[in-house]
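Participant: how does the following fold in three dimensions:
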Amino acid sequence: MPAKKRTLTKVPKKPGQTGRKLLDIDEDEVYRYAMVGMPTTEIALMLGCNEATIRKRFSETLTKAKARINSKLRAKQIQLALQGDKTMLVWLGKNMLNQSDSPSVAIQNNLTSSPSHDIKRTKEEDEAFLKMFEKVVSGMGKASNKKEDK
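Facilitator: Take a look at the predicted model:
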């Protein structure tokens, strides 16, 4: 999460001068709302300000939150697919690999022998791959937190 930062709207220059109401907006709060997918209109309502204020002053925070949640969701989807979730395998195949249910061209296969490059993996190899993948995924959050703290 980004370092705690507060931002204010326009402040009157002289005491007693009229101007916009002073708004103290917590950047961490904006980040948390954006991480759960809340649109800027709802974030503005929750914080009692204009949507333009959120978009202008926190565009980088909104972008970071969206990127972070998207990467976490993508990693979880891939993890589920690698664990054998058939629905997720089909969905990822269609969306990431441009596969489809109905091929546009029918191909007739007259091969009588199987290919010599069959890929066979043991259960242990699958488990080792999943452990390695989980390490990479869990390390993603830690690495991005360290970069954001600087």
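Participant: OK, contacts around residue 59?
Facilitator: Neighbour list for residue 59: empty [criterion: CB atoms under 8 Å, 6 or more residues apart in numbering]. Where C-beta positions appear, they are placed from N, C-alpha and C, glycine not excepted.
Participant: now do it against residue 53, distance only.
Facilitator: 11 Å (CB to CB, to the nearest Å).
Participant: got a pLDDT number for the nearest residue to residue 35 once chain neighbours are set aside?
Facilitator: For residue 35, ignoring the flanking residues on the chain, the nearest one in space by CB to CB, 6 or more residues apart in numbering is residue 65 at 4.7 Å. For residue 65, the model assigns a pLDDT of 95.
Participant: how far away is residue 65 from residue 38?
Facilitator: Residue 65 is 9 Å from residue 38, by CB to CB.
Participant: and the two? which has more neighbours close in?
Facilitator: residue 65 (22 against 17; other CB atoms under 10 Å).
Participant: state the helix or strand in which the more buried one lies.
Facilitator: Under the criterion of DSSP states H and E, residue 65 resides in helix 59-82.
Participant: can I get that helix as CSV, trimmed to CA atoms?
Facilitator: Backbone C-alpha positions of helix 59-82 (Å, rounded to 0.1, in the frame of the first residue of the first chain) are rendered in CSV as follows:
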residue,chain,number,x,y,z
SER,A,59,-5.1,8.9,-10.4
GLU,A,60,-1.8,7.1,-9.7
THR,A,61,-3.3,5.5,-6.5
LEU,A,62,-6.3,4.3,-8.5
THR,A,63,-4.1,2.9,-11.2
LYS,A,64,-1.9,1.0,-8.7
ALA,A,65,-4.9,-0.4,-6.8
LYS,A,66,-6.5,-1.7,-10.1
ALA,A,67,-3.2,-3.2,-11.3
ARG,A,68,-2.6,-4.9,-7.9
ILE,A,69,-6.1,-6.5,-7.7
ASN,A,70,-5.9,-7.5,-11.4
SER,A,71,-2.6,-9.3,-10.9
LYS,A,72,-3.9,-11.1,-7.8
LEU,A,73,-7.0,-12.2,-9.6
ARG,A,74,-5.1,-13.4,-12.6
ALA,A,75,-2.6,-15.4,-10.4
LYS,A,76,-5.5,-17.0,-8.5
GLN,A,77,-7.2,-18.0,-11.8
ILE,A,78,-4.1,-19.6,-13.1
GLN,A,79,-3.5,-21.3,-9.8
LEU,A,80,-7.0,-22.8,-10.0
ALA,A,81,-6.5,-23.9,-13.6
LEU,A,82,-3.2,-25.6,-12.8
